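**Student:** quick one: sequence and predicted model below, then my questions.
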Amino acid sequence: MFARIAVFVLVLTLAWAVVARAGSAAEPEQAYVVKRGDTLWSIAAARYGGDPRGGVWRIQKRNGLETGVIRSGQRLVLP
């Protein structure tokens, strides 16, 4: 009897984890063309809530940027 309850709880926990992960998925990636005056900081602040530092890091990592320098007209992928 205990084994059945343990298996049921395990299955229920795994199902909840799958549903929670699917429900908390971020928005799909989008292309962004850098405008004059844009910075990674301003783009991250507009795109992601809270502290922009994490957004800056994600944008840099996703686009393979070694520095925070971006150019007007440059196409970025926003994760």
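**Tutor:** Good, I have the coordinates.
**Student:** mind listing the strands for the chain?
**Tutor:** With strands called from DSSP state E, the chain shows them at 30-33, 75-78.
**Student:** which of these is buried the deepest?
**Tutor:** strand 75-78 (a mean of 15; mean count of other CB atoms under 10 Å). Heads up, the C-betas are built off the backbone N, CA and C, glycines and all.
**Student:** I'd like to know which elements that one is packed against.
**Tutor:** Judged by 3 or more CB pairs under 8 Å, 6 or more residues apart in numbering; DSSP states H and E, strand 75-78 is in contact with strand 30-33, helix 40-47, helix 52-63.
**Student:** helix or strand with the lowest mean pLDDT in this protein?
**Tutor:** Scoring the helices and strands of the chain by mean pLDDT, DSSP states H and E places helix 2-23 at the bottom, with a mean of 61.
**Student:** residue contacts, residue 43?
**Tutor:** Residues near residue 43 by CB atoms under 8 Å, 6 or more residues apart in numbering: 32, 34, 55, 59, 76, 78.
**Student:** for this protein, what are the low-confidence residue spans?
**Tutor:** 2, 6-26 (pLDDT under 70).
**Student:** try 50
**Tutor:** 19, 22-24 (pLDDT under 50).
**Student:** any idea how far residue 64 is from residue 77?
**Tutor:** Per CB to CB, to the nearest Å, residue 64 is found 10 Å from residue 77.
**Student:** now swap in residue 49 and tell me
**Tutor:** Residue 49 is 19 Å from residue 77, where distance means CB to CB.
**Student:** can you check residue 42 too?
**Tutor:** Taken as CB to CB, the span from residue 42 to residue 77 is 17 Å.
**Student:** please apply the same query to residue 45.
**Tutor:** Here the criterion is CB to CB. By it, residue 45 lies 18 Å from residue 77.
**Student:** now do residue 71
**Tutor:** Taking CB to CB, one finds residue 71 at 15 Å from residue 77.
**Student:** how many neighbours does the closest residue to residue 71 other than its chain neighbours have?
**Tutor:** Counting by CB to CB, 6 or more residues apart in numbering, residue 71 lies nearest to residue 34, which is 6.4 Å off, once chain neighbours are set aside. Neighbour count of residue 34, defined by other CB atoms under 10 Å: 16.
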